[in-house]
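# How does the following fold in three dimensions:
(chains A and B)
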Amino acid sequence: MPPSKLRYGAQSSVVAAQDGSPSLHLETTTCVVTVAHSEIRCDAKQGAGHSIVATIDVGQQRSIAFSNTTLRYMRPSITKVVMSLLNESNPD
Amino acid sequence: MIELHGENFGPASLGPQHVLAFYSSAYVAGDDAGVDAVGAAPMSLSLIAEQRNAIVANDGFVYQALVCQVPSTGEHEIMLCEPSAGTGMGHHWRVAVAGLASAASTDTTRYRSPMLSSVSGPGAVNAPTEGDVSILLNGDFFGPVTAVDDEGLIVGTAATLPSAVYGRLNDTHGRPWPYFVASSCRVVVAHVQIECKLDEGSGDKLVWATTIGGQTSGPQESAVSSYHPPVISLYRGPGSMLAYTNGSQIVDIEGRNFGPIGTPVDRAVYGSEELDVEFDATECFVLTAHELVRCLTAVGAGEGLSWRMTVDLLNSVSPTTSYSPPLITAFESDSGSLPVGELSTDGGDWVLIHGQNFSVAEHLQEVTYGPAGIGFTALNCSVYEDHFTLRCLTVPGPPGQAMKWIVRVGGQASPPSASITKYAPPRVLAANPISGPTSGLVTVQITGTNLGLAWNPAAVAIRFNSNGRMDNDLSRFLRVLDSGGLQAGETSGIPADMTRYLQLALLGGEDGARSASAIRVLEAAGYPFALSAYSGDQDAADAARSNAEATLKEWVAGLQRPRVADERILQHRGLHQVDFVLPEGFGTDRELFLSIGQSAALSNVALVDFVAPEILNIAPDRRLEQFGIAADSLDAQTSLRLIIEGTNFCNGDGGCGAVRIDGLPIDSWSWSHSEIVVLYRKDPSEDASREHTV
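Predicted coordinates:
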């Protein structure tokens, strides 16, 4: 069975729409073929963001980007805020 | 620094532009406005901006933290944020990580409560009872300067604008504290001074309090003001001349500072020291606000009777005459050719103050200056030309800040001068070394002028674009302007992004040279937007300036802030030195500049290079570890793990480097400043090129 690898990253257009700094940040992770020829399972790497599209490398061939369903990391949540008294001046 | 704890804050490698935090008293715990019902849509910055506007309109205010980062010691769970200058309490926090927003926190933060220490200015002592006179409230934690529009009208909401009240504690007339409400309050010197207009009123020992963002200073007995005592000038009415001895005739007492209608007239007596008689008038009250008190005469006799009154516990005084208060009209340097707009931050410059009514030496009391006319006291002041010119020596001060001056002569203070002086802006002369390894950790020595070390060494902060953040028209344009390379008629080098260029051109009301240089270029190039802004289209100019400020602020906030070494050296008057440890980074022409003081005076830009990468050795991995790939799935005949050793490879974060073999990018397994491990799937042919880019 050839090695397979998942490449995924944010669509540059989406990131650009957020903060004006276009970037295409690619991460790679390794995958295991769970159903021959039709299904692989991959572990996501640490990251953040949304509108993430994936491509798959099998052997030395790369798939086209799969953008019908995009991936996203979980939304952040705040559980605690420490140092509750702000010095009103910018501490510089 | 605020420490946020939670989940899904992302890895430490996220750049500051992807890690944002907002806080507001208008947020409600758990509030997730901006995220759709199933939570699938991210809260974009534009949505946040819309929400901010909505909240401002609803009398709230959303602050954005200046810069946030996820520390490597708390990836995904901790976010450190530097808050903006502000005021208020009950701020719930929301974060946006790579475009995904959190709900509002349950925990809240607050700014320090305002602290009031004193009052000063024309309204502090013996203010006219008509009010509408300026009074200055001095203290701390008042927040940033209040915005005013072109017509001088205060811009803001109840959530951000200061307010002030005052009155007598334990008033014998039974009036509650506070009894008077000041108007038109605004912060005029960031954090430390508020200006208000007095209400009409009366009395003395009036204790002040201020409220900002829902937090109050409480009454501060060190912050006390007074209205002027009543002044009697004329008597009218049937009881004022040849009155009946049986009394009960009307006497109208004209004068000033009798207070508004309803002001208690405690007592009115009249008599003659020569005759040794004194009579108590009855039923006295303020008939015309501030100007007229009416009383009834008592049973009595005699002539040459004069009146005294006590109004709201203040005894009347005789009419007085006065000299005009001093008035400052202009400044002139008396230290060689140094202009008064570029005074040394080390102090020691002689300044000539031109004006009127400065009197002669024996009546000169004090000369102060500062953003609102106080804060710094000039030294060795003397009358240079009787009545018209003073000469003073400056003290060390903050770079780049406009200073108004106040002269005190014979107990009278001039209004803060309309003309200003300025300490020179900070200027970096050299950085040494001007290049360093991508791993950083070398000490860089910055020498420059007017860094404010004699004023406040701790106010110096470094801003360093170590990773090429927004290496675009903005930073390039700053460089061009700082180099003085653009002149009228020159159009080469104007970036294609004219919007941002124009924004910068209109930026910098405080920095005439930079702005003027840009305007010359733009006008010469015939850009209508620039022309409209400078030919009366104030709305366009304001919008551009606002955008420019936001752009520049966002850019500066996202830069690295290397720690300044403890030792800051004032080598000699005029030449300063600060050291800092170079952080990790990569690339060339990285902008380095200084930000000094609360006004964040920015220096010119110096450029620092990181050393180019150098490959010292490439070798196959002989450890046979199949990093991340099952050993039996690797085709040993076609795949090769390579270890690239060398120097200045950068740290691998954020796509700072790339490896290409035969011109094609190749993924890396690990990356450090000195070693990169890549998997190459085919032995390069003999003539294959290998390219490594950082």
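# Mind listing the strands the helix or strand encompassing residue B:137 pairs with, and their directions?
Under the criterion of DSSP states H and E, residue B:137 resides in strand B:134-140. Sheet pairing of strand B:134-140 (DSSP bridges) gives strand B:115-120 (antiparallel), strand B:193-197 (antiparallel).
# would you list these in TSV and tack on mean pLDDT, distance to residue B:646 and mean neighbour count?
Every C-beta, even on glycine, is put in place using the N, C-alpha and C of the backbone. Below are the strands paired with strand B:134-140 laid out as TSV (pLDDT from 0 to 100; distance: least, Cβ to Cβ, whole Å; neighbours: other Cβ atoms under 10 Å in any protein chain shown):
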stretch	mean pLDDT	distance to residue B:646	mean neighbour count
strand B:115-120	92	56	19
strand B:193-197	93	57	23
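# quick check, distance from stretch B:293-311 to the centre of its chain.
Computed by Cα atoms, centre = their mean, to the nearest Å, the chain-centroid distance of stretch B:293-311 equals 56 Å.
# repeat for stretch B:341-360
The answer for stretch B:341-360 is 25 Å, by Cα atoms, centre = their mean.
# Just the CA atoms of that stretch, as CSV, please.
The C-alpha coordinates for stretch B:341-360 follow below in CSV (Å, rounded to 0.1, in the frame of the first residue of the first chain):
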residue,chain,number,x,y,z
GLY,B,341,9.5,72.8,17.3
GLU,B,342,12.5,70.7,17.8
LEU,B,343,13.6,71.2,21.4
SER,B,344,16.0,68.7,22.9
THR,B,345,14.3,66.0,25.0
ASP,B,346,17.3,66.5,27.3
GLY,B,347,16.1,70.0,28.2
GLY,B,348,18.5,72.8,28.6
ASP,B,349,17.3,74.9,25.6
TRP,B,350,16.6,78.6,26.1
VAL,B,351,13.2,79.7,24.8
LEU,B,352,12.0,83.3,24.4
ILE,B,353,8.3,83.8,25.2
HIS,B,354,6.7,86.7,23.5
GLY,B,355,3.4,88.2,24.6
GLN,B,356,1.8,91.0,26.7
ASN,B,357,1.3,91.9,30.3
PHE,B,358,4.3,90.0,31.6
SER,B,359,5.0,92.9,33.9
VAL,B,360,8.5,93.2,35.5
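# average pLDDT across it?
On average, the pLDDT along stretch B:341-360 is 93.
# Pull out the buried positions in that stretch.
B:341-347, B:349-355, B:357-359 (16 or more other Cβ atoms under 10 Å in any protein chain shown).
# Which of these fall in strands?
Residues of the buried residues of stretch B:341-360 located in strands (DSSP state E): B:350-355.
# farthest pair in the residues you listed?
Distance extremes for those: the farthest pair is B:350 and B:355 at 16.5 Å, using Cβ to Cβ.
# need the helix or strand of chain A with the lowest average pLDDT.
helix A:12-19 (a mean of 26; mean pLDDT, DSSP states H and E).
# correct me, but residue B:430 touches residue B:447?
Yes - contact criterion Cβ atoms under 8 Å: residue B:430 and residue B:447 qualify, at 5.1 Å.
# Pick out whichever of those two has more residues nearby.
Remark: of residue B:430 and residue B:447, residue B:447 carries more neighbours, 17 against 11, as counted by other Cβ atoms under 10 Å in any protein chain shown.
# Does the more buried one belong to a helix, a strand or coil?
When classified by DSSP: H, G, I helix; E, B strand; the rest coil, residue B:447 comes out as strand.
# just to revisit the earlier point, I'd like to know which of the ones in strands among the buried residues of stretch B:341-360 is nearest to residue B:284.
residue B:355 (43.3 Å).
# which one is the closest one nearest to, not counting chain neighbours?
In this structure, residue B:355 finds its nearest non-sequential neighbour in residue B:328, 4.3 Å apart by Cβ to Cβ, 6 or more residues apart in numbering or on different chains.
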